[in-house]
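*Asks:* Sequence first, then the predicted structure, then my questions.
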Amino acid sequence: MPSSGLCAAIAGVMMARGQIKATGVLMPEQCISPELYLDEFIKTGKGEIEIERKVEL
């Protein structure tokens, strides 16, 4: 299981790369693309993720 600091570290790397353009105090959901974040998380090799998508019929 990843440590609690991993999420912040990923966000810090993304900020340093210029992948996060927003400024100010924001929730991660407001400024980080989920797809981009998950790509970075997977690269760490620190855990497995399962993605579910709801489909409306």
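*Replies:* Yep, that arrived.
*Asks:* Which residue, other than its chain neighbours, is closest to E40?
*Replies:* Spatially, and ignoring its direct neighbours in sequence, E40 is nearest to I10 (4.9 Å; Cβ to Cβ, 6 or more residues apart in numbering). C-beta: built from backbone N, CA, C; applies to glycine.
*Asks:* what's near enough to touch the one you found?
*Replies:* Residues in contact with I10 (Cβ atoms under 8 Å, 6 or more residues apart in numbering) are 37, 40-41, 44.
*Asks:* Retrieve the pLDDT associated with it.
*Replies:* Reported pLDDT at I10 in the predicted model: 89.
*Asks:* which of the residues in the helix or strand harbouring it are buried?
*Replies:* I10 belongs to helix 5-16 when assigned by DSSP states H and E. By neighbour count on 16 or more other Cβ atoms under 10 Å, the buried set for helix 5-16 is 10-11, 14.
*Asks:* following it, which helix or strand shows up next?
*Replies:* Past helix 5-16, the next helix or strand by DSSP H and E is helix 28-31.
*Asks:* now that next one: how far from the chain's centre is it?
*Replies:* Relative to the centre of its chain, helix 28-31 is centred 9 Å away, using Cα atoms, centre = their mean, to the nearest Å.
*Asks:* just stretch 32-44 next, same as before
*Replies:* On the basis of Cα atoms, centre = their mean, stretch 32-44 sits 5 Å off its chain's mean C-alpha point.
*Asks:* do the same with stretch 42-54
*Replies:* Stretch 42-54 has its C-alpha centroid displaced from the chain centroid by 10 Å (Cα atoms, centre = their mean).
*Asks:* OK, contacts around Y37?
*Replies:* Applying Cβ under 8 Å, 6+ apart, the residues contacting Y37 are 10-11, 14, 28.
*Asks:* And for I20, the neighbour number?
*Replies:* Burial of I20 is recorded as 19 neighbouring residues (other Cβ atoms under 10 Å).
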